Each structure stands twice: as structure tokens, then as C-alpha cells.
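Visitor: let's see this in three dimensions:
(one chain, ligands or ions: 3)
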Amino acid sequence: MMFRETIYALSSGALPSAVAVIRLSGPHVREALTRIVGFVPEPRQLVLATMRNSSGEQIDRGFVSYFAAPASFTGEDAAELDSHGGKAVVAALLKELSSIAGLRPADPGEFARRAYLNGKFDLTGAEALGDLIEAETEGQRRFAVANTGGRTAALYQGWRERIIHTRAMIEAELDFADEGDIPESIGSTVLSSVTELRQEILSHIEGYSTAEILREGFQVALIGPPNAGKSSLLNALVKRDVAIVSDEPGTTRDLVVVNLDLGGMKIVLTDTAGIREGAGKVEQQGVERARHAAGSAHLVLRLQDITAPPSFGLKDEYTDEIVVLTKIDLDERVSVGDPPDPGHLAVSAKTGEGLDALLALLQERATKATGATGGFVPFRERHLVHLREAERLLGEFSAARNLGLELQAELLRGASLALGRIIGDVDVEDLLDVIFSRFCVGK
Ligand SMILES: Nc1nc2c(ncn2[C@@H]2O[C@H](COP(=O)(O)OP(=O)(O)OP(=O)(O)O)[C@@H](O)[C@H]2O)c(=O)[nH]1
Ligand SMILES: [K+]
Ligand SMILES: [Mg+2]
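Guide: Ligands and ions are numbered 1, 2, ... in the order given. Coordinates of the predicted model:
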């Protein structure tokens, strides 16, 4: 696809910086380079050059590189100017570029959008690229990288081809059969291949939780009666005073949420209000929030003060929970290595005993929760919507008897369209804004 306008943007981060990278893409790139540095370098070479304004005055000296279409990120003629990262330097270069006819500043994600439209990657590839830029932990980075290579697209494309093949069998029958009933032999082949595919899609959908955990983090809720030491433990784990601690029961009212990076895994710790009966109105709201946080967490840490009697206010049980005995510095009979119950953990927020073991456990649980899928899972809510739609249509196909060939073909067409929407093969115009506007300017 040819665009008439040439776009440019500062693609590196906030100024001032040691070096700034200005990126250009479009039909006027050669012309712009000639204007700014006086020549067009050999493609794919970094060349030292003096950058000048239209009166010939030097703006800066730096590097310039040129990428001839279609061998560039966008598929168009493209270039990069590497200047010093001073605010005035970059401002002068951008001003100079703006004065060249046919050039305009790029919108957020516009380079990537052009790359997509020129077939450099499919929509899932673009989304993975966005994830890579947003990745904060090593786990997120690895996951995003795994998805940038077009593997997801290949999977969905393969499924589409199977559906299209099945549909072709049905349509061949449509052309020949008068009564619109498929012969028994073909009917069972078609049905079993549709059922098999539906099963594959279903198990793929299940893998979404992996992506969610990697992206949003492994959710850990700290619950327990008032004064169990929840806020103290949270602070000790993140080594910051995030939550207020006091000897007054009912100190924490709202949820206090902090992120932790454990060995490349994002862990989200939530401190909650102490759960007890007969709390006042505000505290009761906090208790409800606590219960809700615990209910939606991947792991619940149930804290118990070893110096306090066992709590009866905490009847709710959660599928994955661990009892953590707190304040063990106050009882010399209890030590980290020897808790009264071997299934429990023992810690002291005051001395730091037991914290390493707890952190190791959190990391292990989070890693286990993301499984060994190697990133081969749906990684956006958007994908899930279309996968569910495809699965639903295939399910309708398998369930109905005597649907008639035409309706069967129609269901398969719908399923194939749904999969096509994930990779961006069909009507995606409205989606492009959503996906690419999330990118930064210059990408
Ligand atoms: N000795 C000792 N005291 C602790 C420890 N952890 C917490 N405390 C004390 O226990 C009291 C309650 O601690 P918090 O962290 O506020 O307890 P909480 O569970 O968050 O309490 P609420 O928010 O009111 O539900 C404070 O006085 C803390 O100093 C510990 O490991 N050792
Ligand atoms: K307290
Ligand atoms: Mg608290």
C-alpha cells in the first residue's frame, strides 16, 4: 500500500537524552535526507553526517541511515536520524522536517500501522509488538517475543483452512445433491473434523488465564483478622512503607495494591481490611472488599497472629490458600523451619524471618500458574471473543441434526470469519484505531 504522506516522529524516549532517534517513513524520505544531510546514504548503513537547516546552518552532527522499500520496518522508504538528545536539537530537526512538503508528524502507532497494512505482520503480531514495548517484567517480555513471530497467526490460519476445506466438501454436495441432504459417508467425516477442531479451540481458550497472569500479574491477597500483621507483612515484602500499620485493630479499610517482580514474574499483592464480625459501617465495606479480593485472587495468604486465639470470623475458604503464622518473634517456641503445622508458613515482619521462603513460594506458584505453554495461548480479550464465537458456531454445527447443507455451510463461514478477524484478514478497519493508537508516537 502506498501512502502519499511521509511521516516522521521522535522515536526514542524522553528528552534530554544522550542520543535521540527521529524516524521517517514514506515516499519523500530520500528528498528529506537530501535536504537535511545533503545526500542519501547506501541502504542499511550507519553514516556520519552533518544535519543542516534550510539556510545551510549546522543543527547537529550525528548518524543517518536509510532503508529502501520494501526492506524496512514499514515496508516503505524509511530513514533514521540519530542526533544528540538535547531538546533544542530535536526541536530544530523536527521544525526542519515540518517545513518539507509532503512531510507531517506521525500519529501514535502510525509506523506500525503502515507496517501492518504493508503485510509486515498480522494483527496479532502488531498486538504482540505493543506488548513487547509495554513489557515490564522478564516474563512479559519473553511472552511478547514468542508472539511477535506470527505463530499465533499461523495457528488460526491453519484452523481457517481446515474449516474452508470442510466447507468446500459441503458446497460440492450442495451443487450436486437435489434434496439438500449430505450423503452418510461425507456427513460423518465432516462432523468428526468439526468436532475435533472445536475441541482444539476449546483447549486453546483455556490457556487464556496464562496470558492474563503474565500480563496482569499473579494475584495474591493477604487476609486475616484485624491486627494479624497483614499490612506489616506487605510492607516487609515490598521493603517500603506502603500501608499504614498500627496496633489499633481495623487500621486498613481499603485495598492496598502493590506490584512485585519476582524472578521476572509480575506478582500483585493486595493488603486488605481485617475480617471480623460486628465492624462499623465503613469497616464493613472494607471487609466486603477484602472478601472480594480474596475471591478473585489466584492465591490467598491467610494470616494468623501466633499470639492471638484462632479466629472464628474467617469462615470463608478459598481454593488456593496458605496459612501464614505471623509475629513469630514473639514466641520462641515457633521458628521458621518448624511451624506447628508443616503445611503452614511462619514469618516475622519485624525480624524478616521467613520472608525469603514466602517470596520463593510466591514465585514458584506464579511460575506454575503460567504453565509450560511457551506463550502459545490467546493473549488478548479480543482474541477470546472471536475464538468463543468460532467455537459457538462449530458447536451449533455439531449439535443440530438435519440442518440442511446451506445452513451448515453458513455456520462454517461464520466460524472462519471469526478466526479471520483475529489475524486481521476481514473487516478490521474499525479495529486499527484501537490497536495502533495504544502505541507511542514514533512506533
Ligand atoms: N512483634 C511483632 N509485631 C508485629 C509484627 N507484625 C505486625 N506487628 C504488630 O502488630 C500490630 C498490627 O499490625 P498491622 O500490620 O497493622 O496488622 P493488620 O493485620 O494490617 O491490621 P488491620 O489493618 O487493622 O486489620 C502492629 O502493632 C504491628 O507493629 C511482627 O512480625 N512482630
Ligand atoms: K492494625
Ligand atoms: Mg492493615
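Visitor: would you mind naming what in the stretch 251-400 of the chain lies close to ligand 2?
Guide: Counting by Cβ under 5 Å from the ion, the residues of the stretch 251-400 of the chain lying close to ligand 2 are Thr251. Where you see a C-beta, it was placed from the backbone N, CA and C, and this is true even at glycine.
Visitor: what residue in this protein comes nearest to ligand 2?
Guide: The minimum distance from the chain to ligand 2, using Cβ to the ion, falls at Thr251 (3.5 Å).
Visitor: pLDDT score for the closest residue to that residue other than its chain neighbours?
Guide: The shortest distance from Thr251 to any non-neighbouring residue, by Cβ to Cβ, 6 or more residues apart in numbering, is to Ile244 (5.7 Å). If you check Ile244, the pLDDT there is 97.
Visitor: ok, now which ones touch Ile244?
Guide: Ile244 makes contacts with Ser231, Thr251, Thr252, as judged by Cβ atoms under 8 Å, 6 or more residues apart in numbering.
Visitor: once you drop chain neighbours, what's closest to the first one?
Guide: Leaving aside its chain neighbours, Ser231 sits nearest to Ala243 (3.8 Å; criterion: Cβ to Cβ, 6+ apart).
Visitor: sec struct for the one you found, please.
Guide: Of the three states, Ala243 takes coil according to DSSP: H, G, I helix; E, B strand; the rest coil.
Visitor: can you give me the neighbour number for Pro70?
Guide: Counted with other Cβ atoms under 10 Å, the burial measure for Pro70 works out to 12 neighbours.
Visitor: which residues touch the closest residue to it other than its chain neighbours?
Guide: Take Pro70 and drop its neighbours on the chain: the residue closest to it by Cβ to Cβ, 6+ apart is Asn118, 7.0 Å away. Counting by Cβ under 8 Å, 6+ apart, Asn118 touches Met1, Pro70, Thr74, Gly75, Glu76.
Visitor: any idea how far Asn118 is from ligand 1?
Guide: Asn118 sits at a distance of 55 Å from ligand 1 (criterion: Cβ to the nearest ligand atom, to the nearest Å).
Visitor: against Arg438, how distant is that residue?
Guide: Separation of Asn118 from Arg438 (Cβ to Cβ, to the nearest Å): 20 Å.
Visitor: just Lys230 next, same as before
Guide: Taking Cβ to Cβ, one finds Lys230 at 35 Å from Arg438.
Visitor: give me the more crowded residue out of the two.
Guide: With other Cβ under 10 Å as the criterion, Lys230 and Arg438 differ in neighbour count, and Lys230 comes out ahead with 33 against 17.
Visitor: just confirm the more buried one contacts Thr252, I think it does.
Guide: Yes - in this structure, Lys230 sits in contact with Thr252. The criterion is Cβ atoms under 8 Å, and the distance is 6.8 Å.
Visitor: quick check, the residue in the protein closest to ligand 1?
Guide: Checking the chain residue by residue against ligand 1 with Cβ to the nearest ligand atom singles out Gly274 as nearest, at 2.6 Å.
Visitor: which residues touch that residue?
Guide: Remark: with contacts taken as Cβ under 8 Å, 6+ apart, Gly274 is in contact with Gly224, Pro225, Pro226, Asn227, Ala228, Lys230, Pro249, Gly250, Thr251, Thr252, Val287, Ala290.
Visitor: 10 Å instead, please
Guide: Contacts for Gly274 (Cβ atoms under 10 Å, 6 or more residues apart in numbering) come out as 223-231, 249-253, 283, 286-287, 290, 303, 311, 313-314.
Visitor: cool, Ala415 as well?
Guide: Shown in contact with Ala415 (Cβ under 10 Å, 6+ apart): 159-160, 163, 166-167, 194, 197-198, 201, 386, 389-397.
Visitor: same thing but 7 Å
Guide: Contact analysis of Ala415 by Cβ atoms under 7 Å, 6 or more residues apart in numbering lists Ile163, Ala390, Leu393, Leu394.
Visitor: quick check: the first one touching Ser416?
Guide: Put plainly, it is Ile163. Yes - using Cβ atoms under 7 Å, Ile163 is in contact with Ser416, at 4.4 Å.
Visitor: looking at the two, which has the bigger crowd around it?
Guide: When Ile163 is set against Ser416 and neighbours are counted by other Cβ under 10 Å, the residue ahead is Ile163, at 26 against 23.
Visitor: need the pLDDT of that one.
Guide: At Ile163 the predicted local distance difference test score is 94.
Visitor: surely it is in a strand?
Guide: No - following the definition three-state DSSP, Ile163 is helix and is not counted among the residues of a strand.
Visitor: contacts only, for the closest residue to ligand 3 within the stretch 251-400 of the chain.
Guide: Residue of the stretch 251-400 of the chain nearest ligand 3, by Cβ to the ion: Thr252 (3.0 Å). Residues in contact with Thr252 (Cβ under 7 Å, 6+ apart) are Lys230, Ser231, Ala243, Ile244, Asp271, Thr272, Ala273, Gly274, Gly286.
Visitor: ok, 6 Å please
Guide: Contacts of Thr252 were listed using Cβ atoms under 6 Å, 6 or more residues apart in numbering, and they are Ser231, Asp271, Ala273.
Visitor: okay, and the nearest residue to the last one once chain neighbours are set aside sits in which element?
Guide: When you say that, I think you mean Ala273. On the basis of Cβ to Cβ, 6+ apart, the spatially nearest residue to Ala273 that is not a chain neighbour turns out to be Gly286, at 3.1 Å. Secondary structure here is read from DSSP states H and E; on that basis Gly286 sits in helix 281-296.
Visitor: do that helix and ligand 1 meet at all?
Guide: No - when contact is scored as Cβ under 6 Å from any ligand atom, no part of helix 281-296 falls within range of ligand 1; the minimum is 8.6 Å.
Visitor: the following helix or strand past that helix vs helix 281-296, what angle?
Guide: Beyond helix 281-296 on the C-terminal side, the first helix or strand identified by DSSP H and E is strand 299-305. Calculated by axes from the mean of the first three to the mean of the last three Cα atoms, to 10 degrees, strand 299-305 forms an angle of 130 degrees with helix 281-296.
Visitor: show me what counts as buried in the one helix or strand Gly158 maps to.
Guide: Secondary structure from DSSP H and E places Gly158 in helix 151-176. Judged by neighbour count (16 or more other Cβ atoms under 10 Å), helix 151-176 contains these buried residues: 151-153, 155-157, 159-160, 162-163, 166-167, 169-170, 173-174.
Visitor: which helices and strands does that helix pack with?
Guide: Contact analysis of helix 151-176 by 3 or more Cβ pairs under 6 Å, 6 or more residues apart in numbering; DSSP states H and E lists helix 184-206, helix 405-423 as its packing neighbours.
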